[in-house]
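J.: below are the sequence and a predicted model; questions follow.
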Amino acid sequence: MSGRVEPSYDPDRAFSRADIVFVTTPSFMADKIAETLAAWIKPTADIFLVPGTGGMECPFVNALPNNRVFGLQRVPSVARLIANGKVYAEGYRAELHLAALPKSEAYRGCRMIEDIFDMPCEPLPDYLNVTLVPSNPILHTTRLYSLFKDYRDGKVYDRIPLFYEHWSDDTSEILFECDDEVQKLCRTLPEFDLSYVRSLREHYESDTPSALTAKIRSIKGFKGLATPSVAVNGGYIPDFDSRYFTADFSYGLQILCQIADMVGSPAPNMKKVLDWYLKLKPSKGFDYADYGITDLARFKEFYSK
């Protein structure tokens, strides 16, 4: 396709003739987007969730049972908004990984992604390789916990470190503890091939907290990214409206803790970080029960499709 494509707020124009739909909205918008698509989309259309984490699969599979739903394990690159309609992207990944519901469609989804993005794409054997990936749900949340665990109403910080460039060893320590809990959780689900839920120790090639700190501080795509905060009289406070909070706790870490509870896998560190946030900002967030997944048997049935 050549030339400029004009954006449209008309769902008929945007969706009714679409063969492929990419959903890039935050997880907390998934129910509304799925409901809108259900009213307009063709049953033969393919839906790609970028990324597919945050429980995105549940509202789309429920609302669109006849469509194929694909989820990327991670985004293709780091993107920054310059202005409305203009995005700067850098740090493109060497390859992408994709899962599908039903899982038999993963290979076909990868071929489409390769054609569209001109990037290699590897199919994942089970969608839980996307749901359980230890990325933002523990990466962002443990960093925010380590920065603001002493926060209370009325507290103001003189300065706030950069999110990645000023990464600390205490963040790396609790991140590794949460990462270990995710790996233990995976081992309680032998019915699924979860070999692509790679430990962050492997992902960042770091065996110790200090090595992880140095690695994260050195990543070019992470340079200059500020910690979500708001300027107030006398300094700064956390920006609880940032997606790092609204998405990665209630629609990230909360999902991991719910799965841990369903399978009976201990997760004290993940729950400590989640409880800290919920005490500051009580919120309902993601709940498997909203999609009819109320026990382990129903959970396994949903992801075995």
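T.: Yep, it's here. Numbers count the residues shown, from 1 in each chain.
J.: so who does L124 touch?
T.: By Cβ atoms under 8 Å, 6 or more residues apart in numbering, L124 lies in contact with Q73, H97, L98, A99, A106, V130, Y196. Glycine gets a C-beta too; all of them are placed from N, C-alpha and C.
J.: could you pull out the strands in the stretch 201-305 of the chain for me?
T.: 229-232, 235-238 (DSSP state E, counting those that start in this stretch).
J.: looking at the contacts of L124, which are in strands?
T.: Among the contacts of L124, the members falling in strands (DSSP state E) are H97, L98, A99.
J.: how about the residues you listed in a markdown table, adding neighbour count, pLDDT and distance to Q254?
T.: A markdown table is the format used below for the ones in strands among the contacts of L124 (neighbours: other Cβ atoms under 10 Å; pLDDT from 0 to 100; distance: Cβ to Cβ, whole Å):
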| residue | neighbour count | pLDDT | distance to Q254 |
| --- | --- | --- | --- |
| H97 | 23 | 96 | 23 |
| L98 | 30 | 97 | 24 |
| A99 | 29 | 98 | 20 |
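J.: looking at those residues, which is nearest P7?
T.: L98 (25.8 Å; Cβ to Cβ).
J.: still on that earlier bit, out of the contacts of L124, the closest to K184 would be?
T.: Y196 (16.7 Å).
J.: that older thread, can you tell me which of the strands of the stretch 201-305 of the chain is most buried?
T.: strand 235-238 (a mean of 17; mean count of other Cβ atoms under 10 Å).
J.: run through who's touching it.
T.: Applying Cβ under 8 Å, 6+ apart, the set of residues contacting strand 235-238 is 144, 147-148, 151, 155-160, 228-230, 245.
J.: taking those, tell me the two that lie furthest apart.
T.: The most distant members of the contacts of strand 235-238, if one measures by Cβ to Cβ, are D158 and F245, lying 21.2 Å apart.
J.: looking only at neighbour counts, state which of the two leads.
T.: F245 (21 against 7; other Cβ atoms under 10 Å).
J.: check contacts around that one.
T.: L144, P228, P238, D239, Y277, K281.
J.: against N67, how distant is the spatially most central residue of the chain?
T.: The residue lying closest to the centre of the chain (Cα atoms, centre = their mean) is T53, at 3.9 Å. Per Cβ to Cβ, to the nearest Å, T53 is found 19 Å from N67.
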